[in-house]
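Visitor: I'll drop the sequence and a predicted model, then ask my questions.
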Amino acid sequence: MSAADGPQRPRLVAVPGGPAAGEDGARSPEPAAPAPSAPRAPARPWLAIVLAVALALCAAALYAQGREVSALRGQLAQVEAQLARAEARLGAWQLWAGGVRDRAARLRAELGGLEAALAQDPEAAPGAHREPGAPPASAGELRPGR
């Protein structure tokens, strides 16, 4: 070709990884990657094995923890039931003890009244009227109502 034929087009030169010199800055065609026919095996099969074993161990540990948590929940339910029964028994004992305290308070008040009456009139005491030479009063005579 000569200069008389007209303007010449610049020659396209392919630069690896870069745009080709040309009008649009278009790239030169790159070679196509081969189409995969089957999935490739991992480059490090031992790594996949180690990860699979680690995952299996984690799953087993989680399963064991879940079983242990279930067992502990069952034990907790039993302990809570025992606690509820013990609280009910304690409530019954507290009611009984309250009744005993009330009765003891009434008896103390009654005894205080008797002691006050005895202090005012010693002749009113049981066994106070005995004959000279008579045996002392028995325990039954000293306890009224028995």
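Guide: That came in fine, so what should we check first?
Visitor: any stretches of the chain with poor pLDDT?
Guide: Applying pLDDT under 70 to the chain flags the ranges 1-38, 40-42, 124-146.
Visitor: which residues in it form helices?
Guide: 45-120, 139-142 (DSSP state H).
Visitor: need those in CSV (columns: mean neighbour count and distance to residue 39).
Guide: C-betas here are computed from N, CA, C, even on glycine. Output for the helices of the chain, formatted as CSV (neighbours: other Cβ atoms under 10 Å; distance: least, Cβ to Cβ, whole Å):
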stretch, mean neighbour count, distance to residue 39
helix 45-120, 10, 13
helix 139-142, 10, 106
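Visitor: ok, now how distant is residue 72 from residue 64?
Guide: Separation of residue 72 from residue 64 (Cβ to Cβ, to the nearest Å) stands at 13 Å.
Visitor: pull the CA atoms of stretch 97-116 into CSV?
Guide: C-alpha atoms of stretch 97-116 as CSV (Å, rounded to 0.1, in the frame of the first residue of the first chain):
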residue,chain,number,x,y,z
ALA,A,97,-47.1,-23.9,115.1
GLY,A,98,-49.2,-20.8,115.0
GLY,A,99,-52.0,-22.6,116.7
VAL,A,100,-49.6,-24.0,119.3
ARG,A,101,-48.3,-20.5,119.9
ASP,A,102,-51.8,-19.1,120.3
ARG,A,103,-52.7,-21.9,122.8
ALA,A,104,-49.5,-21.4,124.7
ALA,A,105,-50.2,-17.7,125.0
ARG,A,106,-53.7,-18.4,126.2
LEU,A,107,-52.4,-20.9,128.8
ARG,A,108,-49.8,-18.4,129.9
ALA,A,109,-52.4,-15.8,130.4
GLU,A,110,-54.6,-18.2,132.3
LEU,A,111,-51.6,-19.3,134.5
GLY,A,112,-50.8,-15.6,135.1
GLY,A,113,-54.4,-15.1,136.2
LEU,A,114,-54.2,-18.1,138.5
GLU,A,115,-50.9,-17.0,140.0
ALA,A,116,-52.3,-13.5,140.6
